[in-house]
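> Next comes the sequence, and after it the predicted model I'd like to discuss.
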Amino acid sequence: MEENDLQIKGFLFSATEASIKKPGRLDVGLIYAEKPAVAAGVFTRNRVKAAPVIISRERLRRGAAQAILVNSGNANACTGEQGLEDARESARVLAKHLKIKEELALVASTGVIGQFLPMERIKEAIPRLTQSLAPNRLSEVGRAILTTDRVTKIAFREGNIDGLPVRMVAIAKGAGMIMPQMATMLCFVMTDAAIKAEALRASLKQAVSLSFNRITVDGDMSTNDSVIILASGEANNKCINLDDFAGRSVFERLLGELLIDLAKMIVRDGEGATKLVEVRVTGAGTVGEARKAAYAVANSSLVKTALFGEDANWGRIMAALGRSGVPMDPGRVSVAINTFPLVKNGLGCGKAAEMAATGAMRQGEFILRIDLDRGSSDFNVWTCDLSADYVRINASYRS
């Protein structure tokens with residue numbers, strides 16, 4: 001995708017190096033709306049919340065924002081009152097240089113927990129960010145927010161509302177510490193749609209529930225997870241409100257597709273991952289039971305190592321279901337890889353079936369289908385395999 005294709009009316013971007021963790025890479029980014037934008041956010045449910053999460057969540061209650069300052073390499077989490085003041089000071093300095101109201105400046109961080117921000121280097125970086133803003137520098141911000149990610153994650157959608165073109169673009173980061181509720185990940189969405197704050201908030205919550213809240217890499221929930229959306233209104237469509245079902249449906253479809261794209265990119269780029277696997281549970285008594293069963297399988301270390309080894313070891317799947325706490329009759333369970341059956345009514349389908357399923361597992365992406373045959377509810381989760389590289393990456397994360 002060309003950089004010019006990522007431009008959204010009303011937004012400018014920039015990135016620079018502040019040597020927060022190590023020199024030689026972009027690690028601070030700025031997203032700027034030329035006018036105050038309608039804004040909403042969804043944040044981690046971890047009881048240990050990073051300072052930028054606390055500050056930005058509070059400011060977004062007003063339903064408006066104009067700038068997001070984001071850094072990688074340091075999470076500014078578990079840093080007490082100093083961490084909160086550092087987050088506020090970063091926003092203060094940014095607002096001063098942009099000549100905007102301080103409460104319209106948001107902050108986000110990702111990286112190592114328990115270390116204080118190098119405030120002098122960040123404050124020195126802010127003038128460079130504000131002076132180099134441009135409409136075609138979003139991909140640089142995408143690179144600046146990466147930690148253990150292998151690739152930059154950018155997605156784009158375009159549609160029509162009231163006969164007018166509406167565009168939205170988003171960047172995300174995340175490869176480890178990925179597990180809902182709110183799956184360490186950051187995501188920033190920019191759209192030129194005109195939409196009321198309450199409708200934007202509801203649409204974002206819905207889209208997150210179907211995307212980032214259905215992924216897991218390692219079962220760990222971060223302290224910094226944030227999804228923030230800004231709407232400039234420059235598309236000049238009739239302003240979408242909660243009662244505008246036609247406009248909202250188009251907007252929510254575009255936003256949902258956008259975030260699912262990014263959610264899959266995060267799992268595909270999971271630390272050490274070689275497989276993207278959708279765990280799809282059907283036939284459950286309730287959605288809650290389907291969700292519980294799906295996550296029990298998706299987070300099982302034994303299942304995930306079998307996925308890495310391309311071993312159709314369905315016994316591990318049955319064992320994970322059995323300990324999930326979900327009501328089930330093992331004699332009614334069926335399991336398949338894509339369309340290749342592994343288990344029928346609780347019994348294996350034989351070596352030939354396992355060999356066919358193993359062939360499907362050699363692909364980089366496949367579906368693990370589980371039918372509990374108890375009801376009509378279903379739930380899907382995207383997960384990845386578990387390799388030795390995951391241990392290597394996380395054993396040396398701080399060094």
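Received it, and whenever you're ready, just let me know what you need.
> show me where pLDDT drops low in the stretch 251-399 of the chain?
Scanning the stretch 251-399 of the chain for pLDDT under 70 picks out the ranges 389-391, 393-399.
> so where do the strands sit in it?
276-284, 334-337, 340-344, 347-348, 365-371, 377-384 (DSSP state E, counting those that start in this stretch).
> got JSON lines for the ones you listed, with distance to Gln115 and mean neighbour count too?
Backbone N, C-alpha and C define where each C-beta goes, glycine included. Shown next, in JSON lines, are those (distance: least, Cβ to Cβ, whole Å; neighbours: other Cβ atoms under 10 Å):
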{"stretch": "strand 276-284", "distance to Gln115": "32", "mean neighbour count": "22"}
{"stretch": "strand 334-337", "distance to Gln115": "43", "mean neighbour count": "22"}
{"stretch": "strand 340-344", "distance to Gln115": "46", "mean neighbour count": "20"}
{"stretch": "strand 347-348", "distance to Gln115": "50", "mean neighbour count": "14"}
{"stretch": "strand 365-371", "distance to Gln115": "36", "mean neighbour count": "20"}
{"stretch": "strand 377-384", "distance to Gln115": "28", "mean neighbour count": "23"}
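> Now distance to Ala193 too, for these, in TSV please.
Output for the strands of the stretch 251-399 of the chain, formatted as TSV (distance: least, Cβ to Cβ, whole Å):
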stretch	distance to Ala193
strand 276-284	29
strand 334-337	40
strand 340-344	42
strand 347-348	51
strand 365-371	31
strand 377-384	27
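> Which of the ones you listed sits closest to Glu89?
strand 377-384 (37.9 Å; Cβ to Cβ).
> Please export the C-alpha coordinates of that closest one as CSV.
The C-alpha trace of strand 377-384 is given here as CSV (Å, rounded to 0.1, in the frame of the first residue of the first chain):
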residue,chain,number,x,y,z
SER,A,377,-24.2,-21.0,20.3
ASP,A,378,-20.7,-20.4,18.9
PHE,A,379,-17.6,-18.3,19.4
ASN,A,380,-14.3,-17.9,17.5
VAL,A,381,-10.8,-17.0,18.7
TRP,A,382,-7.6,-16.4,16.7
THR,A,383,-4.5,-17.9,18.2
CYS,A,384,-1.0,-18.9,17.1
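> what does that strand rub up against?
214-217, 263-264, 267-268, 270, 273-287, 289-291, 293-295, 298-299, 304, 307 (Cβ atoms under 8 Å, 6 or more residues apart in numbering).
> Which parts of the protein belong to which domain?
Split into domains by automatic domain parsing, the chain comes to 3-266, 276-395.
> Please enumerate the strands of the stretch 101-250 of the chain.
105-112, 153-161, 164-173, 186-191, 226-231.
> buried set for the lengthiest strand in the chain?
When the chain is parsed with DSSP state E, its longest strand is strand 28-43. For strand 28-43, the neighbour count (16 or more other Cβ atoms under 10 Å) marks 28-33, 36-43 as buried.
> Out of those residues, which two sit at the greatest distance?
Val28 and Val38 (25.1 Å).
> what are the ranges of the helices in the stretch 51-200 of the chain?
Ranges of helices in the stretch 51-200 of the chain, per DSSP state H, counting those that start in this stretch, are 51-59, 80-98, 119-131, 138-144, 197-209.
> next one: the stretch 251-399 of the chain
Going by DSSP H, counting those that start in this stretch, the stretch 251-399 of the chain shows helices at 287-298, 301-308, 314-322, 351-361, 388-395.
> which residues touch Ala306?
Applying Cβ under 8 Å, 6+ apart, the residues near Ala306 are Ala312, Asn313, Arg316.
> quick one: it from Ala357, how far?
11 Å (Cβ to Cβ, to the nearest Å).
> likewise Cys187?
Taking Cβ to Cβ, one finds Cys187 at 34 Å from Ala357.
> ok, of the contacts of strand 377-384, which come out buried?
Of the contacts of strand 377-384, these count as buried by 16+ other Cβ under 10 Å: 214-217, 263-264, 267-268, 270, 273, 275-284, 289-291, 293-295, 298-299, 304, 307.
> Just give the nearest non-adjacent residue to Ala284, would you?
Ala290 (3.6 Å; Cβ to Cβ, 6 or more residues apart in numbering).
> pretty sure the one you found is touching Thr282, no?
Yes: the criterion here is Cβ atoms under 8 Å, and Ala290 meets it with Thr282 at 7.4 Å.
> returning to that earlier point: which one of the contacts of Ala306 has the most neighbours?
The residue in those with the most neighbours, by other Cβ atoms under 10 Å, is Ala312 (26 neighbours).
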